[in-house]
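S.K.: Return a 3D structure for these sequence lines:
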Amino acid sequence: MYYLCFDCGKRVEYEQTKVKVRCPYCGGKILYKDRRTVMKIKAR
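M.R.: Now for the predicted structure:
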């Protein structure tokens with residue numbers, strides 16, 4: 001499992017967030033899960 005940094009957009013592994021919730025690359029405090037699931041609905 002991983003998170004994305006809101007500031008720099010890099011992937012942050014879950015293990016890196018156990019100590020402190022900051023991006024190890026830029027120091028950003030906002031991390032979020034990538035939830036880009038596309039659902040196609042067929043219209044009738």
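S.K.: contacts, neighbours, all on C-alpha from now
M.R.: Fine.
S.K.: Give me the contact list for stretch 14-25.
M.R.: Residues outside stretch 14-25 that contact it (CA atoms under 8 Å, 6 or more residues apart in numbering): 1, 2, 3, 5, 8, 10, 12, 28, 29, 30, 31.
S.K.: Could you list the buried residues of it?
M.R.: For stretch 14-25, burial by neighbour count (16 or more other CA atoms under 10 Å) applies to 22, 23, 24.
S.K.: about what we covered before: any chance of the contacts of stretch 14-25 in CSV, plus pLDDT and distance to residue 37?
M.R.: CSV is the format used below for those (pLDDT from 0 to 100; distance: CA to CA, whole Å):
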residue, pLDDT, distance to residue 37
1, 82, 15
2, 89, 16
3, 92, 15
5, 94, 19
8, 94, 22
10, 93, 19
12, 91, 20
28, 93, 25
29, 93, 25
30, 93, 21
31, 91, 18
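S.K.: And the buried ones among those residues, selectable in ChimeraX?
M.R.: Applying 16+ other CA under 10 Å to those, the buried members can be selected in ChimeraX as follows:
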select :3,5,12,31
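S.K.: Now distance to residue 42 too, for the buried residues of stretch 14-25, in a markdown table please.
M.R.: Output for the buried residues of stretch 14-25, formatted as a markdown table (distance: CA to CA, whole Å):
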| residue | distance to residue 42 |
| --- | --- |
| 22 | 41 |
| 23 | 40 |
| 24 | 43 |
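S.K.: wait, which of these is closest to residue 44?
M.R.: Lowest distance from residue 44 to the buried residues of stretch 14-25 (CA to CA) belongs to residue 23, with 45.6 Å.
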